[in-house]
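In: Requesting a structural model of the entry that follows:
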Amino acid sequence: MQLHTLQSGYSYPEKKRVARGGKRGTTSGRGTKGQRSRSGHRIRPAQRDFIIRLPKLRGYKNKPLQEKLMTLNIGDLEKRVSGTEVNASLVGNVKILGGGEVKKAFTIEGLAISASAKAKIEKAGGKVIAPVIAIKKESKPVRPEISALKKAAAKKAKAKA
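Out: I've put the predicted structure just below:
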């Protein structure tokens, strides 16, 4: 008996040799070409993809022009307000929607209100004074010097006409 002829009773599975041809063909299960088939490939971090998707322009803002209002149903209005007059100082900057029933005759002033809510309030004997259609945010011009020049040009055109 010689040492090189000895064999173990247990057979170990062969270790997979990646990208060296072999049993899986020339690409060894990595597919053809591309970043993933190369040795030492690195997938770029997800944050980089988000950065690339943003527009390159400086000062890019995709903010809504209107302020988003909180909503309040008519049914909840009776629980929150003890009197009959309702305005922004009592309930905040909200839009009144027509969910629920109204028994009081409310006077609503200076708040955004849906058509169904307005109908229910008027049916109960209340009234709506100066409803707000939309609350716009104050928007600054992107380049104030250009907007000032445009205004001056418009004034000159009016003066000549």
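In: hey, let's count contacts and neighbours off CA atoms from now on
Out: Will do.
In: which residue ranges form the strands in this structure?
Out: Under the criterion DSSP state E, strands of the chain are mapped to 70-73, 85-86, 94-97, 107-109, 112-113, 127-129.
In: need the longest helix for this protein.
Out: Ranked by residue count, the top helix of the chain under DSSP state H comes out as helix 144-160.
In: if I pick residue 107, what's in contact with it?
Out: Contact partners of residue 107, counting by Cα atoms under 8 Å, 6 or more residues apart in numbering, are 84-86, 126-129.
In: at 10 Å instead, please
Out: Going by Cα atoms under 10 Å, 6 or more residues apart in numbering, residue 107 touches 83-87, 121-122, 125-129.
In: what helices or strands is the longest helix of the chain leaning on?
Out: Under the contact definition 3 or more Cα pairs under 10 Å, 6 or more residues apart in numbering; DSSP states H and E, helix 144-160 sits against no other helix or strand.
In: for that helix, the distance to its chain's centre please.
Out: With Cα atoms, centre = their mean, to the nearest Å as the basis, helix 144-160 stands 36 Å off its chain's centre.
In: go on, stretch 74-87?
Out: Counting by Cα atoms, centre = their mean, stretch 74-87 comes out at 32 Å from the chain centroid.
In: Quick check: buried residues in it?
Out: For stretch 74-87, the neighbour count (16 or more other Cα atoms under 10 Å) marks 74, 77-78, 86 as buried.
In: quick one, helices of this protein?
Out: 46-53, 74-80, 88-91, 115-123, 144-160.
In: Let's have these in JSON lines, adding distance to residue 38 and mean pLDDT.
Out: Shown next, in JSON lines, are the helices of the chain (distance: least, Cα to Cα, whole Å; pLDDT from 0 to 100):
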{"stretch": "helix 46-53", "distance to residue 38": "20", "mean pLDDT": "76"}
{"stretch": "helix 74-80", "distance to residue 38": "64", "mean pLDDT": "85"}
{"stretch": "helix 88-91", "distance to residue 38": "63", "mean pLDDT": "84"}
{"stretch": "helix 115-123", "distance to residue 38": "64", "mean pLDDT": "91"}
{"stretch": "helix 144-160", "distance to residue 38": "52", "mean pLDDT": "75"}
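In: Turn those helices into TSV, columns for distance to residue 3.
Out: Formatted as TSV, these follow (distance: least, Cα to Cα, whole Å):
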stretch	distance to residue 3
helix 46-53	55
helix 74-80	91
helix 88-91	93
helix 115-123	96
helix 144-160	90
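In: so which of these comes closest to residue 98?
Out: helix 115-123 (3.9 Å; Cα to Cα).
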